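S.K.: fold the following and give me the result.
(chains A, B and C)
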Amino acid sequence: MNVRLYVWQRGTAALMAVLVPIHIAIIFYATRQQLTAADILSRTHGSVVWASYYGLFVAAASIHAAIGVRNILTEWSPLADRVAGWCAAFFGGVLALLGFHAVIALVLT
Amino acid sequence: MSGPQQELSVSLWRGGQDGRYENYTVPRRESQTVLDVVTYVQRHLDPTLSYRFACRVGVCGSCAMTVNGKPRWTCRTHVAKVAGKGRLEIGPLENLPVIKDLATDMAEFFQKWQRAKGVFAPSQTRHDPIAQIRPNTPARMAADAAIECINCGVCYAGCDTVRWNFEYLGPAALTRAWTLVNDQRDAGNRERLQAVAANGGCHSCHSHQSCQELCPQTLNPTAAIAGLKRRAAAAYLKGEIKI
Amino acid sequence: MERRGSALWIAAMIHRISGLALAIFLPVHFFVLGLSFHGGAGLDSFLRWTDQPLVKLAEGGLVFLLTVHLLGGLRVLVIENMNWRDGQKQLATLAATAAAVVAFVFLVRVF
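M.R.: So this is what the prediction gives:
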C-alpha cells in the first residue's frame, strides 16, 4: 500500500459513504413497496439520474474493492506484490465490466 | 515473608527460530516481576539461558519479551498480574529473528528507522542563533506527545501489519518520522514524506491500535501514523512527492 | 496472541472479512442483475426467486455485511482525519450493534 493507492481507496470510500446509505434506502423502499419489474424498469428507463448514480457507484466500488483485495492478497497470500496487483486489477476490471453492463441494462431496458 | 513456599511453573523459549519451550519451576516471591523469574532461572537452574536486560526499573526498554502471548517489559510486569493459574509462558519478542532463547536480533527494527528517515536533518549551523521553539504550538505539542520512544520494540512485536507485510516500516519508526515532520528546525521533510509514502510506509497501517494499547511509554503510534497519512497524502496531491 | 481479542482488533477483522465477502458477492450481484434487467420477464422471475425465505435471509446477511463494512470504514476515516478520541472500543461495539439492528429491521420488513 502506498500513498497513491491510499488516496484512491479512501477517496472512493468517502464517496461511497454517501452512496451506500442511499442504496440501502432504495432497497428498503423497493422491497417495502414490493415493486415489480415493470415498476422498477419504468422508473429507471432512459434516466440520466439513475445511470449517473449507479454508474458512479459501480466505478467507485470497482476501484475500492480492487485495492482492498490487493491488500488482502499482499498481506495474507504468498503472492508477490506485482502479481497481487495484477490479480486485483483484473478483478476490478471484471467488476467494472459486469457493473456497467448491469447499469446499461437497467436504463435501456 | 513466612509460610509455605509457593511455586511457579514457567515455560521459557530455548534455542533459535526452531527452538522449543522448556519448563522450569521457580519459587514464587512477593512483588516478583517476570524479569526476576527469568533471572532466577539463569542464576540457579540453567546458566545457558540467554536474555537481555539493563536498568531493571522500566526506563531502558531492553527487557521486552513475549509474556503469555503479549509483548511487555518484563521488569515492569508483576508475576501476580499475569500468572493467573500459576503458569507463565515467556518467549522472545515476535516479528524479529531469534538469536538465542529470549534475545532477538533488532537490526531490522533500527534499519526501518533509518528507511523512514527518522533522523534529524539540520537546517542551520552552530553559527546561527538558537532556534526559538514555543512548547505550546500545535506542531511542537504533536512532536512532544510522540517523542519519548526508547526503541524497546514492543509495538513492533505487537503489530499485525509488521507480521503480514515485511516491507512495513512499523509503528516506532513512523512515530519518530512524525516527530521530525513536526520539528520546525528540520529540513528533511520532502525526503521523509517521500519515504513514508512509499510501499510499506504509513499508508499500510490498518489502525488495529495494538501499538497504542501496548506501548509502555503510553505513546500513540496510531495517531502519529494517522497524522503522517494526512501529511503524505496532502503532499502527494499537491505534487510535492511522487510515487 | 492475547491481544487478538481486543475490541478494536475484532472491529478491524470484521471490516476486512466483510469487505472480502462483499467483494465475492458483488460480481455475482452485477452479473445476475445484468441478466435479469434484459426484459421485464427476466427481472420478474428474478424477483420471484428472491421471495424465497432463504434468499431473504441471505439478503439480510448482505445488508449486515454492507452496513458493518461501512461503519468499520467510517471508524478508519475518523481515526485518520479527525482528532484522536478515546472511547473507541465502545464506539466500535456500538457500530457492530447498529449494523445488526439495520439488518434485523430489513429482515422484518421483507418477511
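
S.K.: so how far is chain A from residue B:26?
M.R.: 39 Å (CB to the nearest CB, to the nearest Å). For the C-beta atoms, the positions are set from N, CA and C on the backbone; glycine is no exception.

S.K.: tell me the bridge partners for that residue.
M.R.: residue B:8 (DSSP bridges).

S.K.: can you tell me the helix or strand for residue A:93?
M.R.: Take DSSP states H and E as the rule and residue A:93 turns out to sit in helix A:81-108.

S.K.: hmm, that helix touching chain C?
M.R.: Yes - for helix A:81-108, a contact with chain C is found by CB under 8 Å from any CB of the partner chain, at A:91, A:94, A:95, A:98, A:99, A:101, A:102, A:105, A:106.

S.K.: number of residues surrounding residue A:31?
M.R.: When counting by other CB atoms under 10 Å in any protein chain shown, one arrives at 16 neighbours for residue A:31.

S.K.: one step back: the helix holding residue A:93 vs chain B: in contact?
M.R.: Yes - contact of helix A:81-108 with chain B (CB under 8 Å from any CB) involves residue A:81.

S.K.: give me the low-pLDDT residue ranges for chain B?
M.R.: Counting by pLDDT under 70, chain B shows low-confidence ranges at B:1-5.

S.K.: tell me what the worst-scoring helix or strand of chain C on mean pLDDT is packed against?
M.R.: Of all helical and strand segments in chain C, the minimum by mean pLDDT, DSSP states H and E falls on helix C:40-49, at a mean of 75. In terms of contacts (3 or more CB pairs under 8 Å, 6 or more residues apart in numbering or on different chains; DSSP states H and E), helix C:40-49 is packed against helix A:37-44, helix C:7-36.

S.K.: let me know which of those helices is the nearest to chain B.
M.R.: Chain B lies closest to helix C:7-36 among those, at 4.8 Å (CB to the nearest CB).

S.K.: show me what the closest one is packed up against.
M.R.: helix A:48-76, helix A:81-108, helix C:40-49, helix C:53-81, helix C:88-110.

S.K.: where's the residue most central in space within chain B relative to residue B:201, distance?
M.R.: Nearest residue to the geometric centre of chain B (CA atoms, centre = their mean): residue B:153, 2.4 Å. According to CB to CB, to the nearest Å, residue B:153 and residue B:201 sit 19 Å apart.

S.K.: returning to that earlier point: now the weakest link among the helices and strands packed on helix C:7-36, please, by mean pLDDT.
M.R.: Here the helices and strands packed on helix C:7-36 differ in mean pLDDT, and the lowest is helix C:40-49 at a mean of 75.

S.K.: hey, C-alpha coordinates of that helix in CSV?
M.R.: What follows is helix C:40-49, C-alpha atoms only, in CSV (Å, rounded to 0.1, in the frame of the first residue of the first chain):
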residue,chain,number,x,y,z
GLY,C,40,-39.2,-7.3,-17.6
ALA,C,41,-39.9,-11.0,-17.6
GLY,C,42,-36.4,-11.8,-16.6
LEU,C,43,-36.5,-9.4,-13.8
ASP,C,44,-39.9,-10.6,-12.6
SER,C,45,-38.8,-14.2,-12.4
PHE,C,46,-35.7,-13.0,-10.5
LEU,C,47,-37.8,-11.0,-8.1
ARG,C,48,-39.9,-14.1,-7.5
TRP,C,49,-36.8,-16.1,-6.8
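
S.K.: grab the longest helix from chain B for me.
M.R.: Longest helix in chain B, counting residues (DSSP state H): helix B:221-237.
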